[in-house]
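In: Show me how the following folds:
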Amino acid sequence: MASYDLIVIGGGPAGYVGAIRAAQLGKKVACVEKERAGGTCLNWGCIPTKALLKNAELYHTLKHHGADFGLSFDNLSFDWEKVVKRSRNVSDKLAGGIEFLFKKNKVDYIRGIGGLAANGKVEVIDTDGKSELLTANNVLVATGCVSRDLPFLPFDGKKVVGSREAMNLPKQPKSITIIGAGAIGIEFAYFFNAYGTEVTVVEMMDHILPIEDNDVSDLLKKSLTKQGIKVLTGTKTTTADTSGDGVMLTVEPAEGGESQDIESEMVLVAIGIAPVLPNNSEQIKLERGFIDTDERYQTSVPNVYAAGDITGPPWLAHTGSYEAVQAVEGMFVPGHEPSQVGTFPACTYCHPEVASVGLTEQACKEQGLDYTIGKFPFAASGRALAVAESEGFVKMIFDKKHGEILGAHIIGGGATELIAEVALAMNLEATAEEIEATIHAHPTLAEAVHEATGDAYGHAIHI
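Out: Numbers count the residues shown, from 1 in each chain. Okay, here's the model as predicted:
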């Protein structure tokens, strides 16, 4: 029976990162993954969707804005099979890269379904159903989550799909209804619409991307509507009929009112995620279905830890990786006190992109904070105009008295890259004054962060 200092169950962004960090600390480590290294994020989530979205952005730009750049095409077309295949190739390459990192760091990579067993043991069931017991001084559970369906609209993989099936469709649907306007729903709405699929988005909340700042959500809704996407906010799905060739949904206002029917070839359910608990985890305390952990990421079972999506929100790859590193260093680095996730960026990779960090303006109001806001539109940015990314803005929120950064919200080209500057500034406890004192290269999109900061205190030059 093989024995380890740490066995990680799950090979996603939390699992593989935690395994490698433990190996770097000189520990004997195994990582058990039922599919392929990288987990959902790399194989069926973050990475392949970004490849698909880049394809969609390029095609949409050439088709609708090529003339703006002096470009013309006689027969611009796309090959759906190649579009999907490219995204799969990107994922395969990165998964292979993680497997290489396992070998480099001497992590035993075990393919199978990992489960807990008594007395510090982990049971692994391979693809043939054969069971093997491994011994571990510590176990890190990082089994992640899967798409959640609706009780009256279960996944069938054909007409009713989750995000995993949606990114690997054998042919392009002529029409699709997307239930849920969070990051996943909005990204797929942009992707399918860019290729000419008729897209309807149904969201029960009053705003799309409900956790984002309302100003950002409102502008994004206008932009997506202009692109041809039908967006229904404040609307809930009540019934579904899949007996025909497609799917017939009945929706109605969330606050009550007249219902309407929506017929489409396919429905993508993007209402959230459900936890994937490891086998034999009944002894672990749960909180709303997710694994409950203490300040050291330890579960209710001694020496069994958990990190990533399986522990609840925020369900983000980068926060999962952070948690796994903290958990592992807490196990093996003497005197290390693990930190919890604090300030973190959130990104949505539609077009225009959306990124944020810290508090929204509505949260500041709810908390009764004394704040000031600065905004800078990309329409006033020389670089944004030069690269045809003039839609959107940077919104900075500061504590009025001390200039502390309370939040930042960006919608526009490069938003998902620009947000890192503000996240770093917040982590270093920088103030508005220090951002203004930092020279930003010209011409860059990042100048918008500097200008929005100046606008909060009446110092903006270019608006």
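In: For the nearest residue to Ser131 once chain neighbours are set aside, name its beta-bridge partners.
Out: Spatial nearest neighbour of Ser131, chain neighbours left out: Ile125 (5.3 Å); criterion: CB to CB, 6 or more residues apart in numbering. Heads up, the C-betas are built off the backbone N, CA and C, glycines and all. Note on Ile125: beta-bridge partners Ile113, Ser131, judged by DSSP bridges.
In: Mind pulling up the pLDDT for Ile125?
Out: As predicted, Ile125 sits at a pLDDT of 96.
In: distance of Phe78 from Gly97?
Out: According to CB to CB, to the nearest Å, Phe78 stands 28 Å off from Gly97.
In: quick one: which of these two has more around it?
Out: Set Phe78 next to Gly97 and count neighbours by other CB atoms under 10 Å: Phe78 wins out with 17 against 13.
In: Was I right to think Val333 contacts Leu25?
Out: Yes - between Val333 and Leu25 there is a contact under CB atoms under 8 Å: 6.8 Å.
In: which one of these two has more residues nearby?
Out: Taking other CB under 10 Å, Val333 and Leu25 do not tie; Leu25 has more neighbours (15 against 12).
In: Near the closest residue to the more buried one other than its chain neighbours, how many residues? Count them for me, please.
Out: Leaving aside its chain neighbours, Leu25 sits nearest to Phe332 (4.8 Å; criterion: CB to CB, 6+ apart). Neighbourhood size, Phe332 [other CB under 10 Å]: 18.
In: again with Gln326
Out: So Gln326, with other CB under 10 Å, has 23 neighbours.
In: Helix or strand for it, just tell me which one.
Out: helix 317-332 (DSSP states H and E).
In: Give me the packing partners of that helix, helices and strands only.
Out: If contacts are counted by 3 or more CB pairs under 8 Å, 6 or more residues apart in numbering; DSSP states H and E, helix 317-332 sits against strand 3-9, helix 15-24, strand 131-141, strand 304-306.
In: Please repeat the previous calculation with a cut-off of 7 Å.
Out: Packing partners of helix 317-332 (3 or more CB pairs under 7 Å, 6 or more residues apart in numbering; DSSP states H and E): helix 15-24, strand 131-141.
In: will you turn those into JSON lines that also has mean pLDDT?
Out: Below are these laid out as JSON lines (pLDDT from 0 to 100):
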{"stretch": "helix 15-24", "mean pLDDT": "98"}
{"stretch": "strand 131-141", "mean pLDDT": "96"}
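In: Of those, give the one that comes closest to Ile262.
Out: helix 15-24 (38.8 Å; CB to CB).
In: so after that closest one, what's the next helix or strand?
Out: Next along from helix 15-24, by DSSP H and E: strand 29-33.
In: what angle separates that following strand from strand 131-141?
Out: 100 degrees (axes from the mean of the first three to the mean of the last three CA atoms, to 10 degrees).
In: now the angle between helix 15-24 and strand 29-33, please.
Out: Angle, strand 29-33 to helix 15-24, by the same axes, to 10 degrees: 170 degrees.
In: For strand 29-33, give the mean pLDDT please.
Out: Here the average pLDDT along strand 29-33 is 97.
In: which residues sit against it?
Out: 4-11, 15-16, 19, 22-23, 102, 107-112, 114, 122, 124, 134 (CB atoms under 7 Å, 6 or more residues apart in numbering).
In: okay, the helices and strands packed on helix 317-332, which one's buried deepest?
Out: helix 15-24 (a mean of 26; mean count of other CB atoms under 10 Å).
In: Which stretches in the stretch 51-200 of the chain count as helices?
Out: Counting by DSSP state H, counting those that start in this stretch, one finds helices in the stretch 51-200 of the chain at the ranges 80-104, 163-166, 183-194.
In: Can you pull out the residues in contact with the worst-scoring helix or strand of the chain on mean pLDDT?
Out: Using mean pLDDT, DSSP states H and E, helix 39-44 stands out as the lowest-scoring helix or strand of the chain, at a mean of 92. With contact meaning CB under 7 Å, 6+ apart, helix 39-44 is reached by 10-13, 15, 35-36, 47, 91, 94-95, 144, 164, 167, 317.
In: repeat for stretch 379-394
Out: For stretch 379-394, the external contacting residues (CB under 7 Å, 6+ apart) are 65, 68, 219, 223, 352, 375-378, 410-413, 443-445, 447-449, 452, 462-463.
In: Drop anything exposed from those residues.
Out: 219, 223, 352, 375-378, 410-413, 444-445, 447-449, 452 (16 or more other CB atoms under 10 Å).
In: In the helix or strand just after the helix holding Gln326, which residues are buried?
Out: Downstream of helix 317-332, the next assigned helix or strand under DSSP H and E is strand 345-348. In terms of neighbour count (16+ other CB under 10 Å), strand 345-348 has its buried residues at 345-348.
In: can you check stretch 194-203 too?
Out: 194-195, 197-203.
In: Off-centre distance for it?
Out: On the basis of CA atoms, centre = their mean, to the nearest Å, stretch 194-203 sits 20 Å off its chain's mean C-alpha point.
In: shift numbering so it begins at 223
Out: Renumbered: residue one is now 223, and that last one reads stretch 416-425.
In: and it, what's its mean pLDDT?
Out: 98.
In: now swap in stretch 477-492 and tell me
Out: Rounded mean pLDDT across stretch 477-492 is 96.
In: can you list contacts of that stretch?
Out: Contacting residues not belonging to stretch 477-492 are listed as 369, 371-372, 375, 381-385, 388, 395-402, 404, 406-407, 410, 422, 456, 460, 468-474 [CB under 7 Å, 6+ apart].
In: Glu321 and Arg333 touch, don't they?
Out: No - between Glu321 and Arg333 there is no contact under CB atoms under 7 Å: 10.4 Å.
In: Comparing those two, which residue is more hemmed in?
Out: Glu321 (18 against 15).
In: Check what pLDDT that one gets.
Out: For Glu321, pLDDT reads 96.
In: Please apply the same query to the one 5 residues further on.
Out: Lys326 is assigned a pLDDT of 98 by the prediction.
In: What's the local residue count around it?
Out: By other CB under 10 Å, 10 other residues sit near Lys326.
In: who touches it in this structure?
Out: Shown in contact with Lys326 (CB under 7 Å, 6+ apart): no residues.
In: Could I get the contacting residues of the residue nearest to Leu247?
Out: Contacts of Phe554 (CB under 7 Å, 6+ apart): 244, 247, 249.
In: now swap in Arg370 and tell me
Out: 493-496.
In: hang on, His684 packs against Ala670?
Out: No - under the criterion of CB under 7 Å, His684 is not in contact with Ala670, lying 9.4 Å apart.
In: For Val563, grab the count of nearby residues.
Out: Around Val563 there are 15 residues (other CB under 10 Å).
In: picking that back up, okay, the angle between the helix holding Gln548 and helix 237-246?
Out: 30 degrees.
In: Quick check: mean pLDDT of helix 539-554?
Out: In the prediction, helix 539-554 has an average pLDDT of 98.
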